[in-house]
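Colleague: Sequence first, predicted coordinates after that:
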Amino acid sequence: MPMWSQIIFRSLGALVVLFVMARLLGKKQISQLTFFEYILGITLGELAGFISTDMEAHYSHGLIALAVWFAVPFTLEYLSMKSLRLRHLLEGRGRVVIKEGKVMEDNLKKEHLTTDELMEQLRGKNAFNLADVEFAVMETSGELSVLMKKEKQPLTPSDMNMPKVHEVEPQIVIMDGKMMNEPLATAGLSPGWLATELEKIGVTVDNVFLGQVDAYQQLYVDLYDDKLQVPAPQGKALLLANLKKLEADLELYAVSTQDAEAKAMYTRTSASLAQVISDLKPMLQC
């Protein structure tokens with residue numbers, strides 16, 4: 001067998017083995033590298049390159065080395081899930097670098113973190129003013145977790161006593177010009193509904209690169225032809241307008257009727273609907 005073909009065979013074999021090992025070690029090995037995992041990644045890469053190009057070495061010996069370097073961290077990862085002490089030994093633990101708005105200089109030195117690096121990390125978390133930070137922790141992954149002071153945190157619906165709404169996951173109903181029937185059914189919609197909505201905005205399925213339906217059954221589309229302007233979804237606005245019209249109709253009925261009982265009923269229903277509109281308005285106007 002020619003040498004070039006042997007290199008191809010050995011490289012493909014090493015690639016498959018590394019892929020299987022990475023899948024077994026889990027996604028954490030990719031997203032959050034600890035010191036041990038960093039060393040592991042470098043070593044496995046070196047070993048894979050070695051067994052791919054070193055024609056004098058026996059291929060099985062390289063595979064055995066890969067297996068050892070896989071088995072040890074795989075076993076330690078399993079044991080660390082059972083032992084907090086071992087987990088701290090292998091992965092370390094987060095260290096507080098800012099507490100109650102004050103920088104912990106000793107902890108900065110232990111993390112080998114300069115003031116410039118600390119400010120860079122803070123800016124990455126949109127914390128440009130050190131005085132706005134209440135608490136910050138350097139995590140084992142090297143990421144800085146930041147808690148802003150209460151008065152500097154973004155306003156939430158609970159702060160404004162707004163009612164909480166259960167958000168439904170948006171569904172991709174058109175992809176690459178093709179209708180997706182399963183997401184449509186998940187959203188409780190039919191292909192006929194989608195065809196009608198597309199007809200309203202004057203586009204065809206073939207010209208839609210991506211189409212998404214939100215919790216209010218509003219259709220957002222991105223077209224292949226970026227020069228075409230698509231009207232913004234009006235589902236929320238139409239719902240709010242219909243509710244207001246219904247409220248006005250009830251008030252009109254209350255004024256028009258001569259029956260005292262019916263007048264009281266219309267007035268009461270109109271007041272209830274007005275409260276519903278008041279509760280829903282922040283969500284329907286966003």
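Modeller: Noted; the coordinates are in hand.

Colleague: where does the stretch 151-286 of the chain dip in pLDDT?
Modeller: The model of the stretch 151-286 of the chain has pLDDT under 70 over residues 157, 160, 162-167, 232-235, 283-286.

Colleague: give me the element the residue lying closest to residue 204 once chain neighbours are set aside is part of.
Modeller: Of all residues not flanking residue 204 in the chain, residue 198 sits nearest, at 6.7 Å (C-beta to C-beta, 6 or more residues apart in numbering). Bear in mind the C-beta positions are built from the backbone N, C-alpha and C, glycine included. Here residue 198 sits within helix 191-201, counting by DSSP states H and E.

Colleague: likewise residue 275?
Modeller: Element membership of residue 275 [criterion: DSSP H and E] is helix 260-284.

Colleague: my guess is residue 137 is in a strand, correct?
Modeller: Yes. Assessed with DSSP: H, G, I helix; E, B strand; the rest coil, residue 137 lies in a strand.

Colleague: I figured it hits residue 97, correct?
Modeller: Yes. Residue 137 is in contact with residue 97 according to C-beta atoms under 8 Å; the separation is 6.9 Å.

Colleague: okay but residue 205 is in contact with residue 177, surely?
Modeller: Yes. Residue 205 is in contact with residue 177 according to C-beta under 8 Å; the separation is 6.2 Å.

Colleague: So which bits of stretch 249-261 are buried?
Modeller: Buried residues in stretch 249-261, counted by 16 or more other C-beta atoms under 10 Å: 250-251, 253-254.

Colleague: Widest-spaced pair of those residues?
Modeller: The span of the buried residues of stretch 249-261, defined through C-beta to C-beta, is set by 251 and 253 at 7.4 Å.

Colleague: Give me the common contacts of those two.
Modeller: By the contact definition C-beta atoms under 8 Å, 6 or more residues apart in numbering, residue 251 and residue 253 are jointly contacted by residue 266.

Colleague: re earlier: can you pull the buried residues of the helix holding residue 275?
Modeller: Buried residues in helix 260-284 (16+ other C-beta under 10 Å): 266, 269-270, 273, 280, 284.

Colleague: Out of those residues, which comes closest to residue 143?
Modeller: residue 284 (37.4 Å).

Colleague: What's the per-residue pLDDT of residue 13 here?
Modeller: Residue 13 carries a pLDDT value of 71.

Colleague: Count the residues that sit near it.
Modeller: 16 (other C-beta atoms under 10 Å).

Colleague: Just to be sure, it is in a helix?
Modeller: Yes. In this structure, residue 13 lies within a helix as judged by three-state DSSP.

Colleague: which phi and psi does residue 96 have?
Modeller: phi -70, psi 130 (degrees, to the nearest 10).

Colleague: mind checking the SS state of the residue minimising distance to the centre of the chain?
Modeller: Centroid-nearest residue in the chain, with C-alpha atoms, centre = their mean: residue 169, separated by 11.8 Å. Following three-state DSSP, residue 169 is assigned to coil.

Colleague: quick one: it from residue 80, how far?
Modeller: Residue 169 sits 33 Å away from residue 80, going by C-beta to C-beta, to the nearest Å.

Colleague: same thing with residue 16?
Modeller: Separation of residue 16 from residue 80 (C-beta to C-beta): 27 Å.

Colleague: between these two, which one's more packed in?
Modeller: More crowded of residue 16 and residue 80, by other C-beta under 10 Å: residue 80, with 18 against 10.

Colleague: what number of residues lie near the closest residue to the more buried one other than its chain neighbours?
Modeller: Setting aside the residues directly before and after it, residue 80 is nearest to residue 87 in space (C-beta to C-beta, 6+ apart), at 4.2 Å. By other C-beta under 10 Å, 18 other residues sit near residue 87.

Colleague: can you tell me the helix or strand for residue 87?
Modeller: Per DSSP H and E: helix 84-91 holds residue 87.

Colleague: starting at the chain centroid, how far to that helix?
Modeller: Offset of helix 84-91 from its chain centre (C-alpha atoms, centre = their mean, to the nearest Å): 28 Å.
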